[in-house]
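*Asks:* just a sequence and a predicted model for now, questions to come.
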Amino acid sequence: MSNTTALFAEGLFKGLAPDETTAFLRQCHEKTYKDGTRLFLEQSEAKKLYLILNGGISLHFEMPQRENADTTIVSLKPGSTVGWSVIVPPYQYRLSGYCNGETTLLEIDRETLEKLFETNYHLAYIFMRNIAALTAERLNQVQDKLAIVLANEAATGW
């Protein structure tokens with residue numbers, strides 16, 4: 001098992017056969033970004049799915065009608081997947097993503113991912129199941145962060 005396969009074995013690749021994982025990885029491109037690079041903006045078109053190899057990504061949510069409008073929801077580490085919106089209509093990122101430190105990612109674009117799914121339905125099914133679990137986890141993180149923000153406002157009167 002390669003380091004990359006092992007890194008994502010309990011997340012995105014969980015349940016995939018080795019040949020399916022290899023087929024997926026062959027379609028990805030590795031790219032390194034500088035600290036603070038914005039990968040995508042909330043509500044922008046979702047064009048890529050990102051797998052974190054090194055560094056990290058912070059996901060931010062713009063809180064309407066707030067003085068400090070940019071709220072970090074979660075900071076993700078190697079082994080995490082970002083950009084599930086690339087496969088879910090209306091194909092818009094739900095949060096903004098920024099690199100924490102120098103960050104190396106595997107990237108796959110929506111069109112390539114869709115073609116891969118069309119050629120391997122089992123891979124598509126397992127992948128979607130794993131993405132659904134990831135989406136549920138992110139929703140819980142957003143709810144937790146919102147509860148903290150509201151509790152702080154109630155305590156301080158802001």
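*Replies:* Okay, I see it.

*Asks:* within the helices and strands, which one has residue 74?
*Replies:* strand 70-76 (DSSP states H and E).

*Asks:* specify the beta-bridge partners of the residue nearest the centre of the chain.
*Replies:* Most central in the chain under CA atoms, centre = their mean is residue 82, positioned 1.1 Å from the mean C-alpha point. Beta-bridge pairing for residue 82 (DSSP bridges): residue 50.

*Asks:* hmm, it is touching residue 49, no?
*Replies:* Yes - judged on CB atoms under 8 Å, residue 82 makes contact with residue 49 at a distance of 7.5 Å. (Glycine included, C-beta is placed from N, CA and C.)

*Asks:* list the buried residues of stretch 20-32.
*Replies:* 20, 21, 24, 25, 28 (16 or more other CB atoms under 10 Å).

*Asks:* before we move on, what about stretch 34-45?
*Replies:* 39, 40.

*Asks:* quick check: mean pLDDT across stretch 146-158?
*Replies:* Averaging pLDDT along stretch 146-158 gives 77.

*Asks:* only alpha carbons, please: show it as CSV.
*Replies:* Extracted C-alpha coordinates of stretch 146-158, given in CSV (Å, rounded to 0.1, in the frame of the first residue of the first chain):
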residue,chain,number,x,y,z
LEU,A,146,-22.5,28.0,15.2
ALA,A,147,-23.4,26.9,18.7
ILE,A,148,-20.1,28.3,20.0
VAL,A,149,-20.7,31.6,18.2
LEU,A,150,-24.2,31.9,19.5
ALA,A,151,-23.2,31.0,23.0
ASN,A,152,-20.5,33.6,23.0
GLU,A,153,-23.0,36.2,21.7
ALA,A,154,-25.5,35.3,24.4
ALA,A,155,-22.8,35.6,27.1
THR,A,156,-21.3,38.9,26.0
GLY,A,157,-24.5,40.5,24.7
TRP,A,158,-23.1,41.0,21.2
